[in-house]
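K.L.:
Build me a model from this:
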Amino acid sequence: MTRVAVAQLALQVGRAEENRAAASAAVVEAAAAGARLVVLPELVNSGYVLSGPAEARALAEPVDGRTVSEWARLARAHDLVIVGGFCELAGGRVGNSQAMVDAGGLRAVYRKVHLWDAEQDVFVPGEDPAPVVDTVIGRVAMMVCYDLEFPEWVRSVGLRGADVLAVSTNWPASPVPQGERSVLIAYAQVAAASNRMFVAVADRCSAERGVGWVSGSSIMGPHGYPLAGPVLQDRPAVLVADCDLSAARDKTSGPRNDVHRDRRPDLYAAGETVSA
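P.N.:
Take a look at the predicted model:
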């Protein structure tokens, strides 16, 4: 069993020192609870509700800057795999990025491909596939927030053998019908169930410049049901769940069915539209 942790943090634009300190404290708490994989939210160093490109650039860091370097130090000290989101400056471009570090240092950087709303005015979208990284605990895939809403993108890491998908997110709150919870939680559950893999989502809390959050941090098992969370409360939290990551290698959904083997990709692009 591998203990997986997700950290829900209270972040604020322009408070990089406080944001980094909150992330570090959460990592230490998760390590003390026995976690081997720790997932942190989106844009930890900068906060999310940025006023525009200039503010984002002023808060951005290279991957060897203070934020990811601190995560690498913690990963070495506690023998962890850490995945977290940060505002990245790379080659003169500002990206909504995600880094993975372990005891050996930096393993991967992913730049968010699907940009949500005003992010398109601030960030340059990524152009590379979402990574699936072989780590000491298993195969860990990486995505950021809105990426999770594209089944084809999620399927791509499932087909490449991901055991667990680490999602760094800042899910903005929106009205939901009475008795329901945000559909964003359902995306994580469906991603897990449709690929028979674990999905670990680190969301955030604390209203920022008038924007509230789902606070939907959660860990989903390969059948789509929560093993921990969702929190759904406006407070910091560290959730942990014991996950048999080897279970994600079994894609059967019944005695005669397999969620990957049963696909019919030869037909998916071959349909025609029939007019009335």
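
K.L.:
Residue 224: how many residues sit nearby?
P.N.:
Neighbours of residue 224 under the rule other C-beta atoms under 10 Å: 17. (Glycine included, C-beta is placed from N, CA and C.)

K.L.:
tell me the SS of it?
P.N.:
Following DSSP: H, G, I helix; E, B strand; the rest coil, residue 224 is assigned to coil.

K.L.:
Nearest residue to it in space, ignoring adjacent ones along the chain?
P.N.:
Leaving aside its sequence neighbours, residue 224 sits nearest to residue 193 (C-beta to C-beta, 6 or more residues apart in numbering; 3.0 Å).

K.L.:
Just the buried residues of the helix or strand encompassing that neighbour, please?
P.N.:
Using DSSP states H and E, residue 193 maps to helix 183-195. Neighbour-count burial for helix 183-195, counted by 16 or more other C-beta atoms under 10 Å, picks out 184, 185, 187, 188, 189, 190, 191, 192, 193, 194, 195.

K.L.:
Leaving out the residues flanking it, which one is nearest to the fifth one?
P.N.:
Taking C-beta to C-beta, 6+ apart, and ignoring the residues beside it in sequence, residue 189 has residue 224 as its nearest neighbour in space, at 4.4 Å.

K.L.:
any idea which helix or strand comes after the longest helix along the chain?
P.N.:
When the chain is parsed with DSSP state H, its longest helix is helix 16-32. Once helix 16-32 ends, the next helix or strand along the chain (criterion: DSSP H and E) is strand 37-39.

K.L.:
Could I get the full set of helices for the stretch 51-200 of the chain?
P.N.:
For the stretch 51-200 of the chain, the helices defined by DSSP state H, counting those that start in this stretch cover 53-59, 66-78, 151-159, 183-195.

K.L.:
Contacts for the last one next, please.
P.N.:
The one in question is helix 183-195. For helix 183-195, the surrounding residues in contact (C-beta atoms under 8 Å, 6 or more residues apart in numbering) are 148-149, 151, 154-155, 157-158, 162, 165, 167, 169, 171, 176, 197-199, 201, 214, 216, 218, 220-226, 230, 251, 259-260.

K.L.:
ditto for the first one
P.N.:
For helix 53-59, the surrounding residues in contact (C-beta under 8 Å, 6+ apart) are 13-14, 16, 45-47, 50, 87, 89, 94, 121-123.

K.L.:
change it to 7 Å
P.N.:
Residues from elsewhere that reach helix 53-59, judged by C-beta atoms under 7 Å, 6 or more residues apart in numbering: 14, 16, 45, 46, 50, 87, 89, 94, 121, 122.

K.L.:
May I see the buried residues of that helix?
P.N.:
By neighbour count with 16+ other C-beta under 10 Å, helix 53-59 contains the buried residues 55, 56, 57, 59.

K.L.:
What is the nearest of those residues to residue 25?
P.N.:
Lowest distance from residue 25 to these (C-beta to C-beta) belongs to residue 59, with 20.4 Å.

K.L.:
per-residue pLDDT, that closest one?
P.N.:
For residue 59, the pLDDT comes out at 98.

K.L.:
Likewise for residue 83?
P.N.:
Residue 83 carries a pLDDT score of 99 in this model.

K.L.:
Quick check: PyMOL command selecting the buried ones in the contacts of helix 53-59.
P.N.:
For the buried members of the contacts of helix 53-59, the matching PyMOL selection, counting by 16+ other C-beta under 10 Å, is:
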select buried, resi 16+45+46+50+87+89+94+122
